[in-house]
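Enquirer: model the following, please.
(3 chains)
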Amino acid sequence: MKEEKTKFTFKKEEKLKKRKVIDLLFKKGKSFPQYPLRWVYLKVPPEEEQKMPVQMGFSVSKKRFKKAVNRNRIKRLLREAWRLNKHKLYKQMAESGSYSVMIIYTSKEEMKFEDLEKKMKKSIKRFIKQEIDQ
RNA sequence: ACCGCAAACCAUCCUGUCGUUCCGAAUAUAUUUCGGGAAGGAAAGUCCGGACAACGUAGGGCACCGUGCCAUCUAACGGAUGGUGCCGGGCUUCGGCUCGGUAAGGAAAGUGUAGCAGAAAAUAACCGCCCCAUUUCGAUGGGGUAAGGGUGAAAAUGUGAGGUAAGAGCUCACGAUUAUUCCUAGUAAUAGGAGUAGUGUAUAAACCCCACGGGUUGAAAUGUCAUGUACACCGGCCUUCCCAAUUUUGGGAAAAAGGGUGGCUCGCCCGAUGCCGGGGGGUAGGCAGUUAAAGCAUCGGUGUGAACUGGAUGCGUAGAUAAAUGACAGGACGAUCCAUAUAUGGAUUGACAGAAUCCGGCUUAUCGGUUUGCGGUAUUU
RNA sequence: GGCUGCAUAGUUCAAUUGGAUAGAAUAUCAGAUUUCGGCUCUGAGGGUUGGAGGUUCGAGUCCUCCUGCGGUCA
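Expert: Model (predicted):
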């Protein structure tokens, strides 16, 4: 393969969609907090092949944000932050298998995109340190 | 020009970069490229009404739920429009005019309730007034009486005259008010007039009566494909007659247990490798439904109006499913604050809010702007 | 996307068929008792009955519309 251009896309294959997988993730997955985010992740067994290195989902509690507008906005900001920064994780992962991940927003207040992106970068670094580098 | 009220409409805009989703075309099946579409007036609350779908279709009665002045509009409505009555405000030449509200059938079919106060709260005698009897002359007992008294949200039609022992619609006159009959106006609610019978408190968002309407369940409906399983296990019920055949099979008739028909009942229907119940197991994925106007706007015509008409012109249809419609940068516009000092500069900021089968309403949230109408104030001509 | 229930002192609950100034326990505060504190006794404060309208002479209670918090579904 030639030098791959870093693509900032986020298509259906990269989204966490299967109800079964999500149930399994919350039942058996590991998690760590990185305010205002919480990662829940699970290594996908090799027999269930998955095209993309990570299938990602985002979640915002209905108790913390009553209005659907606010929930949607936070999820959109999270998706955007992930889209622009996921390549850093992909580089490190190489061939070390694939993961299902759900990121939960735990703060009670909305953030600006700028701040949220910083937090996302930090949490990706932590994920690499904790899971990939061992 | 400013202020207030009401109604209708709009709901920040533009450019660039990076993305999401659907449709179409090409490439040729990992994809990539091009073109086009992509939230709302409330998408919300789920308060009503429909469309559509499934089940049922043999209906009747009861129960239950909803609505409640009249007419019209509408696919339909508990919605809207116009009117009538009632209530409240304003003006008034006192006749009315105008604005707003109105769950507005029946209390003269029956039942219940009306605390405290008051003699008495719906078959009203405490004080007072009058009559009769008794009397120790203080009064006591019996009866009549709703004119006077205070209480209370509410006290039994108001005023005057006659009448009476005292009084009383007991009688009369002028009113008030209710029911009903007739006449006039109106499609009608109702209004006006005349006659008759009355004076019957309030409450039906207390029970209730009357009239009208309502089958139930809602896209997690429903159909279909795939996966999976098992005529598995436990308990209950499994009738009678006739014919052929011959030891359980076929046909026919009746009908039991049981089941269905929304809750009850009558009635009806089903009913033998079957029916009902229990407990357990499996799958909770794909596709269809699923993206179309009971279309919209302007002009014309009809109507007081809600609306209708389809004559003309133009516009136009989001389809996701852990759920798309976004992020960043720059500019314009608006708002707030600060500074200079009336035009610029700086900072902050952009209402309410996000489709989930689709429509018509209602209700609630909403920074600001535009238009129209009405009223008020000031100035000019 | 539907269906359904609840809301009363800081907290847990009452309030008859609509009737007067919405009660009780606990918590809080003050006083008494004690060397001091606890226990105990006495007293006080604390409520727009979730909000706004309506019916009624009179609403915690009845009706309508909102707000908030639960429960449930194939």
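Enquirer: where along chain A do the helices fall?
Expert: In chain A, helices defined by DSSP state H lie at A:19-28, A:68-93, A:113-127, listed in chain order.
Enquirer: what ranges in chain A fall below the confidence cut-off?
Expert: Where chain A drops to pLDDT under 70, the residues are A:1-7, A:45-51, A:94-96, A:132-134.
Enquirer: pick out the residue closest to the middle of it.
Expert: A:Met56 (4.5 Å; CA atoms, centre = their mean).
Enquirer: from A:Val40, how far out is A:Phe58?
Expert: 11 Å (CB to CB, to the nearest Å). Bear in mind the C-beta positions are built from the backbone N, C-alpha and C, glycine included.
Enquirer: overlap in contacts, the two.
Expert: Applying CB atoms under 8 Å, 6 or more residues apart in numbering, one finds that A:Phe58 and A:Val40 are jointly contacted by A:102-104.
Enquirer: returning to what we had before: need the helices of chain A in CSV with distance to A:Met52, can you?
Expert: What follows is these, written out as CSV (distance: least, CB to CB, whole Å):
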stretch, distance to A:Met52
helix A:19-28, 13
helix A:68-93, 9
helix A:113-127, 16
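Enquirer: export those helices to TSV and tack on mean neighbour count and distance to A:Lys62?
Expert: Shown next, in TSV, are the helices of chain A (neighbours: other CB atoms under 10 Å; distance: least, CB to CB, whole Å):
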stretch	mean neighbour count	distance to A:Lys62
helix A:19-28	12	16
helix A:68-93	16	7
helix A:113-127	16	20
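Enquirer: ok so, going back, how about the contacts made by the closest residue to the residue nearest to the centre of chain A other than its chain neighbours?
Expert: Take A:Met56 and drop its neighbours on the chain: the residue closest to it by CB to CB, 6 or more residues apart in numbering is A:Val101, 5.2 Å away. A:Val101 makes contact with A:16, A:39-42, A:54-57, according to CB under 8 Å, 6+ apart.
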